[in-house]
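Colleague: here is the input, now give the coordinates:
(one chain, ligands or ions: 2)
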Amino acid sequence: MIVLGLTGSIGMGKTTTAGFLRAEGVPVHDADAAVHALYRGAAVAPIEAAFPGTTRTGVVDRAALAARVLGDAAAVARLEGIVHPLVRTAEDAFRAAARRAGCRIVALDVPLLLEIGGAARVDVVLTVTARPEIQRARVLARPGMTEERFAQILARQMPDAEKRRRAHGVIDTSDGLEAARRQVAGWLRAFQGMSR
Ligand SMILES: CC(C)(COP(=O)(O)OP(=O)(O)OC[C@H]1O[C@@H](n2cnc3c(N)ncnc32)[C@H](O)[C@@H]1O)[C@@H](O)C(=O)NCCC(=O)NCCS
Ligand SMILES: Nc1ncnc2c1ncn2[C@@H]1O[C@H](COP(=O)(O)OP(=O)(O)OP(=O)(O)O)[C@@H](O)[C@H]1O
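Modeller: Numbers count the residues shown, from 1 in each chain. Ligands and ions are numbered 1, 2, ... in the order given. Down below sits the predicted model:
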């Protein structure tokens, strides 16, 4: 079974590109979705213990948690130390189920794949990118997003050029949905020739 690692910085088009993979029959595990589920489940108690007052009625309050950790590298590292192992457990269960089901190729959608050394756990890295001005317009169009918050998030993420350099394949979402969909189909044809 070939494991694709789908990654890319904020607003580059990972989720949309993951949708193209699913449409081609590739099961996708979404790390961000796993984190959202953990914030209603297994992560609530350890996060409340580490950051008192950041959960409400058994659910992590993302805004309170963000206010508590963002801008404090040690606190972000502590949060990641709680969350990332739980995400890995969910990913491992997804991979085992896909292997049992006889899947030939699966994808892990992990925004921080390269930041957390995750390239070692996939066979192929696919980086989703877009021209900087397009990324910027997309992110700043989001409710509540500010130039400062955008800069803060970019500062925490590996530069896009480095993510493209480390990738086996790049999907550029700058030229519309159909162009990106065609790139996904092209890379899948290339990877399906691989044997694992
Ligand atoms: C700190 C938290 C609560 C802030 O939540 P909030 O809803 O305000 O922001 P959101 O999660 O949407 O993040 C916004 C953007 O930053 C990226 N991002 C999220 N966490 C991190 C991080 N630790 N380092 C770098 N980029 C990050 C996301 O991929 C997204 O592109 C949240 O980011 C979080 O729970 N982070 C720890 C878990 C994690 O590392 N998630 C990334 C998925 S692998
Ligand atoms: N190929 C594309 N062509 C045009 N617009 C796109 C394309 N891919 C994504 N978009 C648009 O860009 C925005 C961000 O897309 P998406 O949510 O998939 O990115 P993301 O990388 O998952 O974002 P984040 O990491 O911030 O969650 C959305 O408005 C989406 O419709």
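Colleague: C-terminal to the helix or strand bottoming out on mean pLDDT in the chain, what's the next element?
Modeller: The weakest-scoring helix or strand in the chain, judged by mean pLDDT, DSSP states H and E, is helix 147-156 (a mean of 90). Counting by DSSP states H and E, the element after helix 147-156 in chain order, helix or strand, is helix 160-165.
Colleague: packing partners of that following helix?
Modeller: Secondary-structure packing of helix 160-165 (3 or more Cβ pairs under 8 Å, 6 or more residues apart in numbering; DSSP states H and E): strand 124-129. Where you see a C-beta, it was placed from the backbone N, CA and C, and this is true even at glycine.
Colleague: how far is the following helix or strand past the strand it packs on from where the chain is centred?
Modeller: The helix or strand immediately downstream of strand 124-129 is helix 132-140, counting by DSSP H and E. Relative to its parent chain, helix 132-140 has a centroid offset of 18 Å by Cα atoms, centre = their mean, to the nearest Å.
Colleague: and helix 132-140 with ligand 1, contact?
Modeller: No. Using Cβ under 6 Å from any ligand atom, helix 132-140 never reaches ligand 1; the gap is at least 8.4 Å.
Colleague: hmm, who's touching that helix?
Modeller: Helix 132-140 has contacts (Cβ atoms under 8 Å, 6 or more residues apart in numbering) with S9, I10, G11, M12, A130, M145, E147, F150, I153, D160, T173, S174.
Colleague: ok, and which of the residues you listed reach ligand 1?
Modeller: Checking the contacts of helix 132-140 against ligand 1 (Cβ under 6 Å from any ligand atom), the matches are I10, I153.
Colleague: in stretch 180-196, which residues are buried?
Modeller: Using 16 or more other Cβ atoms under 10 Å as the test for burial, stretch 180-196 gives A180, R181, Q183, V184, W187, L188, F191.
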